[in-house]
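**Student:** Build the 3D model from these lines:
(2 chains)
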Amino acid sequence: MKQPAADIVIDARGLEPPEPMVRTMEALDRLADQQKLLVLLPREPYPLYRALEVNGFSWQAERRSDGTVAVLIEHKKK
Amino acid sequence: MQALLSFAQSPPLDAPFRFFLTAPLFAILAGMLMLWGGPDLFASRWTPAALALTHLISVGFMLQVMLGAMIQILPVFAGANLLRPRLVVPVVHATIALGALLLVAGFLSQQAPAFWLAVLLLGSGLALFIGAAGHALHHVPATNPTINGLKLALPGLSVTVGLGILLAVGLDGAFALPLLQLTSLHLVWGFVGWGVVLLAAVAFVVVPMFQLTPPYPAWFARCFAWLVLALLCCWTVTARWPGPSSLLAGAVVLSVAAFAVHTLQLQRCSKRARFDATQHCWRLAMLCTLAACAVWFTGVRGPSLTARQEWLCGVLALFGGFMSVMIGMLYKIVPFLVWLHLQNLGGVHFLAPNMNKVISAPQIRYQMQAHFLALALLLAAVVWPRWFAYPAGLAILIANLWLLRNLLAAVGFYRQQGQKIAAMLPATPATASR
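**Tutor:** Now for the predicted structure:
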């Protein structure tokens, strides 16, 4: 599948917890209304989904053949 | 920073912590029991004191850590939430803690009422946990080996508990049960069907994640739990026929050894320049597991395992394998949870302190060394009980007092930082995570 268009990309594969969460949350703080953030992770990030829900973001997750989970995040449409 | 947790869905901090803080208390009791029992405790694995010691570690220390970790892992790794955790968790914790104490009292006093009460408490507490975890996992598709392993560990625990109950009620000889055979089944299902399956399921995520290694081979992770459980079922069914039963038992032991070898190989590819305490604990655990497998194979070449070989296998697997892994994991899980909940308390206003500050690195290192020394002394006590039984008991006591001290330090850190955050936050209604 083609890489989704994103304004900010975080490759968090190979980072030790809590670094992936910290970097993602810091990027979300800076994410403008029309921007998209792509996070690449080695597994399904269930706690991140909940954090996104709580903070008013929507997301699409895609599982790739190498096991990478790509999560494309943006602000919820009002 | 954004809020990290939804408190409606995530377990509160005290849910796993009450289990983690109780676990070392049982290991401290194990050390005290060894000091009380002395060299005689090692005469046979069937002495009341030896059975009490085994269960202080397996039902006391290990079960507390495993259930505490599972309560935390279910939502994080599988997106599965226990229903009404604030009700279920304290009940499970209280019943299994009290049940474990009564079970040990039963072994030491040989009083039937203690066994009956222990069975009632452990049976009901674990049934509640298995029901709650099973319900949480029921609708989660097994999209990865960890979710699959978590699901398959529950039948392993159920069989272990069922056999344990059968053994407890059959101890007075009223039902003419084949107690020796049932004991072997209980032990192997507990060690492998529950313990190793759960450990492997967790390892498939936490080894690459915390030790910065490549992932386990996909085929191995996908097949491991199914293979082990299938072999265990066949072994159980063929228990009456020595030939097939020995072959299947050998296959189970080889599967466990294969898991240890894969983990050691992955550790060699870690991106971290120097091993941390968790990695040292995992490496020792896997080496002990391999040693236990080797002792077992050496033993079965003779007519049966000697008493020393049985003791060596048990000590290597319980103290060297499971306990070492669990101590190593506690030093990752506990600081991470403290950090996560502090960060959530602070929200956008406050950056939580670095995870490495939750428990000081030297204290972790000293405790780990104390655990390694205790294990070495315990192995020596198996061979030379007169010389090493008391030093081993004392070392286990000290190592686990130290573990408790380190875990309490993490709780103290959380409270202290939580108060600081509360003082710094603007005057808005406080969000509590406990």
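**Student:** quick one, what contacts the spatially most central residue of chain A?
**Tutor:** The residue at the geometric middle of chain A, judged as the C-alpha nearest the mean C-alpha position with CA atoms, centre = their mean, is A:Val39 (3.6 Å). In this structure, A:Val39 makes contact with A:9-10, A:12, A:20, A:24, A:27, A:45, A:48, A:70-71, A:73, judged by CB atoms under 8 Å, 6 or more residues apart in numbering or on different chains. The C-beta positions use only the backbone N, C-alpha and C, and glycine is treated the same way.
**Student:** Those in strands, which ones?
**Tutor:** With DSSP state E as the criterion, strands contain A:9-10, A:70-71, A:73 from among the contacts of A:Val39.
**Student:** and the residue nearest to the centre of chain A, that's in a strand?
**Tutor:** Yes. A:Val39 forms part of a strand when assessed by DSSP: H, G, I helix; E, B strand; the rest coil.
**Student:** Centre of the chain to stretch B:137-147, how far?
**Tutor:** Here stretch B:137-147 shows a centroid-to-chain-centroid distance of 21 Å under the convention CA atoms, centre = their mean, to the nearest Å.
**Student:** can you give me the helices for chain A?
**Tutor:** In chain A, helices defined by DSSP state H lie at A:19-30, A:46-54, listed in chain order.
**Student:** Tell me which of the ones you listed sits nearest to B:Thr213.
**Tutor:** Closest approach to B:Thr213 among those is made by helix A:19-30 (16.1 Å; CB to CB).
**Student:** which residues are contacting that closest one?
**Tutor:** With CB under 8 Å, 6+ apart as the test, helix A:19-30 has contacts from A:8, A:10, A:12, A:15, A:37, A:39, A:41, A:45, A:47-48, A:51-52, A:55, A:57, A:73, B:1-2, B:4, B:340, B:348.
**Student:** a markdown table please, covering the ones in strands among the contacts of A:Val39 and showing neighbour count.
**Tutor:** Converted to a markdown table, the ones in strands among the contacts of A:Val39 look like this (neighbours: other CB atoms under 10 Å in any protein chain shown):
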| residue | neighbour count |
| --- | --- |
| A:Val9 | 15 |
| A:Ile10 | 20 |
| A:Ala70 | 18 |
| A:Val71 | 22 |
| A:Ile73 | 24 |
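**Student:** when you check chain B, which of these turn up near it?
**Tutor:** Among the ones in strands among the contacts of A:Val39, no residue sits close to chain B (CB under 8 Å from any CB of the partner chain).
**Student:** In chain A, which residue sits nearest chain B?
**Tutor:** Of all residues in chain A, the one sitting closest to chain B is A:Tyr46 (3.9 Å; CB to the nearest CB).
**Student:** Is it correct that that residue is in contact with B:Asn81?
**Tutor:** No. Look at A:Tyr46 against B:Asn81 with CB atoms under 8 Å: they stay out of range, at 9.6 Å.
**Student:** In the chain, where is pLDDT below threshold?
**Tutor:** All of this is about chain A. Segments of chain A classed as low confidence (criterion: pLDDT under 70) are A:1-4, A:78.
**Student:** wait, chain B
**Tutor:** Low-confidence segments of chain B, defined by pLDDT under 70, are located at B:1-10, B:172-174, B:301-304, B:348-349, B:427-434.
**Student:** Any idea which residue is closest to the centre of it?
**Tutor:** Nearest to the centroid of the C-alpha atoms of chain B, with distances taken as CA atoms, centre = their mean, sits B:Met62, at 3.5 Å.
**Student:** Report the separation between it and B:Ala317.
**Tutor:** 11 Å (CB to CB, to the nearest Å).
**Student:** same question, B:Gly149
**Tutor:** Counting by CB to CB - B:Gly149 and B:Ala317 are separated by 19 Å.
**Student:** what's the helix or strand for B:Ala225?
**Tutor:** Assigned by DSSP states H and E, B:Ala225 falls within helix B:218-237.
**Student:** Please name every helix or strand in contact with that helix.
**Tutor:** Other elements packing on helix B:218-237 under the criterion 3 or more CB pairs under 8 Å, 6 or more residues apart in numbering or on different chains; DSSP states H and E are helix B:145-170, helix B:179-188, helix B:197-211, helix B:242-268.
**Student:** helices or strands up against the longest one?
**Tutor:** The reference is to helix B:242-268. Taking 3+ CB pairs under 8 Å, 6+ apart as the contact definition, the neighbouring helices and strands of helix B:242-268 are helix B:197-211, helix B:218-237, helix B:277-300.
**Student:** Who are the packing partners of the longest one?
**Tutor:** Pointing back at helix B:277-300 there. With contacts defined as 3+ CB pairs under 8 Å, 6+ apart, helix B:277-300 has these neighbours: helix B:197-211, helix B:242-268, helix B:307-315, helix B:324-346, helix B:361-383.
**Student:** Could you figure out how far that helix is turned away from helix B:307-315?
**Tutor:** Taking axes from the mean of the first three to the mean of the last three CA atoms, to 10 degrees, helix B:277-300 and helix B:307-315 form an angle of 150 degrees between their directions.
**Student:** what's across from the nearest residue to A:Arg64 once chain neighbours are set aside in the sheet?
**Tutor:** Beyond its immediate neighbours in the sequence, the residue positioned closest to A:Arg64 (CB to CB, 6 or more residues apart in numbering or on different chains) is A:Ala70, lying 6.4 Å away. Note on A:Ala70: beta-bridge partners A:Leu40, A:Glu62, judged by DSSP bridges.
**Student:** Just to check, A:Ala70 is in contact with A:Pro45?
**Tutor:** No. If you go by CB under 8 Å, A:Ala70 and A:Pro45 don't touch, sitting 10.8 Å apart.
**Student:** Who's the closest spatial neighbour of whichever residue of the stretch 1-150 of chain B sits closest to chain A, skipping the chain neighbours?
**Tutor:** Sorted by distance to chain A under CB to the nearest CB, the residues of the stretch 1-150 of chain B start with B:Gly79, at 3.9 Å. For B:Gly79, ignoring the flanking residues on the chain, the nearest one in space by CB to CB, 6+ apart is A:Tyr46 at 3.9 Å.
**Student:** quick one: contacts for the one you found?
**Tutor:** Under the criterion of CB under 8 Å, 6+ apart, the neighbours of A:Tyr46 are B:75-79.
**Student:** ok, 10 Å please
**Tutor:** Going by CB atoms under 10 Å, 6 or more residues apart in numbering or on different chains, A:Tyr46 touches B:9-10, B:74-81, B:140.
**Student:** Repeat that for B:Ala153.
**Tutor:** For B:Ala153, the contact set (CB under 10 Å, 6+ apart) comprises B:66, B:70, B:130, B:133, B:193-202, B:225, B:229.
**Student:** try 8 Å
**Tutor:** Contact criterion CB under 8 Å, 6+ apart gives B:193-194, B:197-198, B:201, B:225 as the residues in contact with B:Ala153.
**Student:** For the buried ones among those residues, write the corresponding PyMOL selection.
**Tutor:** Buried subset of the contacts of B:Ala153, written as a PyMOL selection, criterion 16 or more other CB atoms under 10 Å in any protein chain shown:
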select buried, chain B and resi 193+194+197+198+201+225
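**Student:** Using TSV, lay out the contacts of B:Ala153 together with distance to A:Ser65.
**Tutor:** Output for the contacts of B:Ala153, formatted as TSV (distance: CB to CB, whole Å):
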residue	distance to A:Ser65
B:Gly193	32
B:Trp194	33
B:Val197	27
B:Leu198	28
B:Ala201	22
B:Ala225	23
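**Student:** Now B:Ala285: closest residue in space that isn't a chain neighbour?
**Tutor:** In this structure, B:Ala285 finds its nearest non-sequential neighbour in B:Ser324, 3.9 Å apart by CB to CB, 6+ apart.
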